[in-house]
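Participant: Okay, structure incoming, though there's no sequence with it:
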C-alpha cells in the first residue's frame with residue numbers, strides 16, 4: 001500500500017466578536033498561539049461608558065441647580081414680593097379723576113327754573129398716546145392720529161382733516177371738543193381710542209335767558225359764581241367734588257373689570273326765590289317799552305309784597321347770562337346798585353313822622369304859596385307857579401307841594417327828621433341777597449348845609465336805591481312795620497328737603513294808625529291828585545309821584561311808587577325812570593307803567609278786586 005501524505009487542516013482561532021456589535025469577546029483556548037508567535041492579550045476596559053455616566057450626572061446637577069434658582073425666584077416673586085410688585089404695577093396703571101358735584105338750581109317762587117346745571121362732557125387728547133394708535137378691524141383703517149380722527153370726527157361733527165391736525169403733536173393734554181352730549185360721550189368711550197378721554201364738566205344754563213338775568217347772574221368756566229345771585233349764594237349752590245380712581249389701559253381707557261374706587265360727589269343746594277318769573281317778564285317788558293317811548297336813559301321797576309318779599313326786580317338794560325360777553329362788567333342790577341335822589345316820593349316819610357309825633361293832622365288847613373324863602377335866604381319852590389292855595393295836609397300831599405311840606409315838616413326837629421328817615425331805611429343797605437347794593441346817602445344833621453335841612457323833607461340832599469324807596473311804601477302798607485326786602489324763600493337739600501329761610505327781623509317804625517292815615521292820604525294822590533294815571537280799574541290804589549333834579553349827570557329822575565289794593569294791601573310797585581325826554585313828571589311817565597305792571601301782578605297773584613269804596617280826607621277848604 002502506497003504511502004499517502006495526509007494534510008491536517010489548520011484550526012482557525014476562535015473569532016472575537018466586536019464589542020461594537022454588542023457581543024462578548026471570546027477568550028482563545030489555553031496554549032494556543034497567534035500567528036506571529038505572540039500569545040493573545042485581554043481586551044482593554046470600556047472607559048467610554050464611565051465618562052458618559054459622569055457627564056449625565058453633572059448635567060443633572062447643573063439642571064437641578066438652575067431649576068432651583070428659578071423655583072426660588074418664582075417663590076420669591078409670587079410668595080414674598082408678589083403683593084408689593086402687584087401693587088406697584090397696579091399703581092402705575094391707576095389714574096384718579098375728579099367727579100363734579102352738581103351745582104344747585106335757582107328757581108322762582110313756583111319752581112320755574114332760572115338757572116340749572118346740565119350733564120355735558122369735554123373730549124381731551126394726549127397727543128403722544130394718539131401717535132401709538134394701531135387700527136383694528138377693517139382693512140382700510142389707518143393708524144395714529146389719522147385713524148383716531150377717522151373714527152372720532154363723525155361723532156363730534158368735525159372734519160377728519162381738521163380734527164387730525166389737532167391730534168398731532170407732543171402735548172400731554174389738550175381739549176378738542178366742549179359741550180358734548182352724554183350719548184355722544186358714551187359712544188366715544190366705547191371706541192377705546194388710544195389717548196382719548198372723556199370728562200364730565202360743569203355746564204350752566206339759564207332757560208329764561210334775559211328774564212331776571214341781572215338778578216341771577218352767571219358763573220365762570222369752572223362753575224364759580226361771578227355775578228348776581230350766582231355770586232352771593234355760591235357757597236349754598238356749589239357742590240362738593242368727589243373722585244374716581246381706576247385702572248387704565250395703554251391708551252388711557254378704563255380697564256373692564258379693573259380696580260375702580262369712588263368717593264361720591266355731593267350736589268349743592270337749590271335755591272327757591274320769592275320772584276315770580278312771569279311777573280318779572282312783564283315788569284321788564286313794560287319798563288323797556290316806556291324807556292323807548294319816553295327816551296329815558298334807563299330805569300327800574302320793583303314789585304314786592306308788604307312783608308318784604310321781592311316779586312320782581314327789573315332793569316331796563318337786558319342781560320342774558322347764557323352769553324355774558326362784554327355786558328358782564330355791567331351786569332349789576334341798577335335796582336340796588338344805582339343811588340338817586342327820591343324826590344317827592346320821600347314826602348311819605350315826612351308826613352308819617354309829623355303824624356306820628358302829633359305835629360299835624362290830615363285835615364289841618366294851610367294856605368300854600370308856590371315859593372318859600374329859608375332863613376338863610378334861599379328859595380324853595382313848587383314844581384309850577386300857582387296862586388296861594390287853600391289846602392289841607394292831605395291836599396298838600398296830594399298836590400305834592402314842596403312849600404306846603406316844609407310848612408308842616410319844619411315842626412319836626414332836625415334830629416327827628418334824620419331819625420325817621422333812618423328808621424325807614426335811608427342811608428343803610430337793605431340786606432338784599434344781591435351783590436353791589438348801595439347804602440345811598442343820609443348825612444347826619446351836623447353835616448347838613450344851607451337848605452339841606454329843608455330839602456331832605458321833600459327828597460333832596462339824600463339818596464336811595466329803588467329797593468330802599470319801595471321799602472318805605474311797603475312799611476306803610478304793612479301797618480307801620482318794616483320788613484327788610486329779601487328774595488330768597490329757602491333752600492332744597494340734596495335729599496329733596498326744603499328749608500324755608502327765616503324772614504329778616506321786623507321793626508315797627510310808626511303806629512298802625514299813622515300808617516293807615518298815610519295810606520288814605522296816598523289814595524287821594526291817585527283819586528284827586530298828581531297820580532291819576534296810576535289808577536287800576538276795580539282796585540283801590542294809593543301812591544305818590546316823584547320828580548327830582550339830577551346833577552351828575554344832569555337831568556331828572558321821575559317816579560311813581562304805590563300800593564294796591566288799599567283795602568287789603570298786597571302789592572307795592574316802584575317805577576323809576578332816569579332822565580325821560582317827553583316829560584319830567586312821575587305822574588305822567590312812571591304812573592302808567594305802575595298801573596300796567598301792578599294790574600298784571602294783582603291778576604297773576606289772584607287778588608280779588610276791592611270790595612269797599614274809599615273814604616278820603618278832604619284835600620281843600622274854603
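Facilitator: Noted; the coordinates are in hand. Quick caveat, the model's predicted, so the values are computed rather than measured.

Participant: tell me which residues of stretch 587-606 are tucked away?
Facilitator: 587-602, 604 (16 or more other C-beta atoms under 10 Å). Glycine gets a C-beta too; all of them are placed from N, C-alpha and C.

Participant: Among these, which lie within helices?
Facilitator: Among the buried residues of stretch 587-606, DSSP state H puts 587-589, 591-602, 604 in helices.

Participant: so where's the longest strand in the chain?
Facilitator: In terms of residue count, the longest strand belonging to the chain (DSSP state E) is strand 113-125.

Participant: And that one, what does it pack against?
Facilitator: For strand 113-125, the packing partners by 3 or more C-beta pairs under 8 Å, 6 or more residues apart in numbering; DSSP states H and E come out as strand 106-107, strand 174-180, helix 182-191, strand 196-205.

Participant: Sheet-wise, list the partners of that strand with their directions.
Facilitator: strand 106-107 (antiparallel), strand 174-180 (antiparallel), strand 196-205 (antiparallel) (DSSP bridges).

Participant: Determine which stretch of the ones you listed is the most buried.
Facilitator: strand 106-107 (a mean of 23; mean count of other C-beta atoms under 10 Å).

Participant: so what's the closest residue to residue 294 other than its chain neighbours up against?
Facilitator: Once flanking residues are discounted, residue 294 sits nearest to residue 580: 3.9 Å by C-beta to C-beta, 6 or more residues apart in numbering. Neighbouring residues of residue 580 by C-beta atoms under 8 Å, 6 or more residues apart in numbering: 294-296, 556, 558, 589.

Participant: Can you give me the neighbour number for the residue nearest to residue 266 when sequence neighbours are not counted?
Facilitator: Distances taken as C-beta to C-beta, 6+ apart place residue 240 nearest to residue 266, at 4.1 Å, with adjacent residues excluded. Residue neighbour count, defined by other C-beta atoms under 10 Å, stands at 13 for residue 240.

Participant: how near is residue 240 to residue 583?
Facilitator: 55 Å (C-beta to C-beta, to the nearest Å).

Participant: Was I right to think residue 294 contacts residue 581?
Facilitator: Yes - between residue 294 and residue 581 there is a contact at 6.1 Å, judged by C-beta atoms under 8 Å.

Participant: So what's the residue count around residue 487?
Facilitator: For residue 487, using other C-beta under 10 Å, the count is 23.

Participant: my bad, should have said residue 530
Facilitator: Residue 530: 25 neighbours (other C-beta under 10 Å).

Participant: pLDDT weak spots in the chain?
Facilitator: Low-confidence segments of the chain (pLDDT under 70): 1-51, 76-99, 137-140, 244-261, 330-331.

Participant: which helix is the longest one in it?
Facilitator: Longest helix in the chain, counting by DSSP H: helix 47-75.

Participant: Off-centre distance for that helix?
Facilitator: Put simply, helix 47-75 sits 76 Å off its chain's centre (C-alpha atoms, centre = their mean, to the nearest Å).

Participant: by contact count, what packs against it?
Facilitator: Against helix 47-75 (3+ C-beta pairs under 8 Å, 6+ apart) you get no helix or strand.

Participant: That's all I had, so thanks and see you.
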